[in-house]
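1. have a look; sequence and predicted model below, questions after that.
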Amino acid sequence: MQPFVISFKGLKAGVNEFHWHADGEFFASFGNPDIRDANLEIEVKVTNEDWEIGAEVWIHGTVTVLCCRCLGDLDLPVDVSFETSGVQDLSQDIYDEVCVSLPMTWVHEDGGCDEDTVRYLSK
């Protein structure tokens, strides 16, 4: 997995744009077994003005986790953005922002859980 690094060397003055993709391997590299897979598009706009460098980051897509009720795969939407400054490696920031954007409880919407499991739990 390639970390999400912005090299200041050769960064042109003004606005610089970067586009990355993150999958399950990205979350596995942080030792996170809860996020089984991911399909995230990451857009970064870095503004290089004199002695100040700032970044705006947008993350869109889904992460796959296990449903707490039926233990089936559950795709959760991710739509998060943040700003930061002076950071070369955005990996930790991206990881943290995605994780805190997820709901506290991961369950399918009504009728989305595995029917056999729901039937068993209802006994």
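-> Perfect, I can see it now.
2. and the longest strand along the chain, how far out from the chain's middle?
-> Of all the elements of type strand in the chain, the one with the most residues (DSSP state E) is strand 52-66. A distance of 5 Å separates the C-alpha centroid of strand 52-66 from that of its chain, computed with Cα atoms, centre = their mean, to the nearest Å.
3. what sits opposite Leu40 in the beta ladder?
-> On the basis of DSSP bridges, Leu40 takes part in beta bridges with Ala22, Gly61.
4. what's the spacing between it and Ala22?
-> As for Leu40, its distance to Ala22 is 4 Å (criterion: Cβ to Cβ, to the nearest Å). For every residue, glycine as well, the C-beta is placed using N, CA and C.
5. of those two, who's got more company?
-> Under the neighbour definition other Cβ atoms under 10 Å, Leu40 and Ala22 were set side by side, and Ala22 has more, 22 against 19.
6. centroid residue for the chain?
-> In the chain, the C-alpha nearest the mean C-alpha coordinate belongs to Val98, at 3.9 Å (Cα atoms, centre = their mean).
7. just the element for that one, please.
-> Counting by DSSP states H and E, the element that carries Val98 is helix 91-101.
8. for that helix, which positions count as buried?
-> Of all the residues in helix 91-101, those buried under the rule 16 or more other Cβ atoms under 10 Å are 91, 94-95, 97-98, 101.
9. of all pairs in those residues, which one is the farthest apart?
-> Ser91 and Ser101 (16.1 Å; Cβ to Cβ).
10. what's the weakest-modelled helix or strand in this protein?
-> Evaluated with mean pLDDT, DSSP states H and E, the helix-and-strand set of the chain has its lowest mean pLDDT in helix 115-122, which scores a mean of 76.
11. much appreciated, bye for now.
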